[in-house]
Structure formats: structure tokens, C-alpha cells
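*Asks:* just the structure for this:
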Amino acid sequence: MNSNSGNAAGNKDYVDKGLEGAEKKFGGSAGQNTEKNRNVNEKITDAGRNMFEKATGKDVPDKVSN
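*Replies:* The predicted structure is shown next:
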């Protein structure tokens with residue numbers, strides 16, 4: 001498991017980009033400012049990655065989610 005708190009600086013992986021795209025499409029006015037939501041999004045994607053790794057015992061590739 002990787003802990004990458006520096007990811008909010010601009011290194012967006014595929015999961016981060018997917019969540020950001022969903023926010024823009026379905027988030028209404030709150031979803032249009034994705035940088036404002038970046039810290040919360042990072043927590044969401046990290047939690048999802050951790051749950052996947054715990055359930056499967058396999059690491060998620062960094063390219064997909066770091």
C-alpha cells in the first residue's frame with residue numbers, strides 16, 4: 001500500500017481522473033471546482049484502494065491508483 005499525500009500537487013492517476021470526471025458531469029455547481037474538492041477526493045480514492053487491497057490481498061498498480 002502506498003501513502004502518497006503529495007499526490008494532490010498534480011499527479012493524478014486514472015482513479016483520480018475518473019472521480020474528477022464524474023464530479024464534473026454529475027456534481028452540479030459543486031462539481032465544477034474540482035481543485036477545491038481535491039483533498040476529499042484523494043481520501044475517497046485512497047480508501048477505495050485500501051479496501052480493494054485488503055479484500056483481494058493484491059496491490060493496485062501505481063498507474064491506476066497511487
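
*Asks:* from K25, how far off is the closest residue to F52 other than its chain neighbours?
*Replies:* Using Cβ to Cβ, 6 or more residues apart in numbering and skipping the chain neighbours, the partner closest in space to F52 is V60 (6.0 Å). In short, each C-beta sits where N, CA and C put it, glycine included. Per Cβ to Cβ, to the nearest Å, V60 is found 24 Å from K25.

*Asks:* so what's the residue nearest to F52 up against?
*Replies:* 49, 52-53 (Cβ atoms under 8 Å, 6 or more residues apart in numbering).

*Asks:* out of those, which is nearest to V64?
*Replies:* R49 (8.5 Å; Cβ to Cβ).

*Asks:* isn't the closest one up against P61?
*Replies:* No. Using Cβ atoms under 8 Å, R49 is not in contact with P61; the gap is 10.4 Å.

*Asks:* the two - which one has more neighbours?
*Replies:* Set side by side, R49 and P61 show more neighbours around R49, with 19 against 10, by other Cβ atoms under 10 Å.

*Asks:* packing partners of the helix or strand encompassing the more buried one?
*Replies:* In this structure, R49 sits in helix 38-56 according to DSSP states H and E. Helix 38-56 is packed against helix 14-26, with contacts defined by 3 or more Cβ pairs under 8 Å, 6 or more residues apart in numbering; DSSP states H and E.

*Asks:* what residues sit buried inside the helix it packs on?
*Replies:* 15-16, 19-20, 23 (16 or more other Cβ atoms under 10 Å).

*Asks:* give me the phi and psi for E35.
*Replies:* Backbone torsions for E35, taken as degrees, to the nearest 10, come to phi -70, psi -30.

*Asks:* return the distance of it relative to P61.
*Replies:* Applying Cβ to Cβ, the value for E35 to P61 is 25 Å.

*Asks:* T34 too?
*Replies:* Distance, T34 to P61, by Cβ to Cβ: 23 Å.

*Asks:* and the residue nearest to F52, which of the three is it?
*Replies:* At V60, secondary structure determined by DSSP: H, G, I helix; E, B strand; the rest coil is coil.

*Asks:* what about the residue nearest to Y14 when sequence neighbours are not counted, how many residues close to it?
*Replies:* Sequence neighbours aside, V64 is the residue nearest to Y14 in space, at 5.2 Å (criterion: Cβ to Cβ, 6+ apart). Counted by other Cβ under 10 Å, the residues lying close to V64 total 12.
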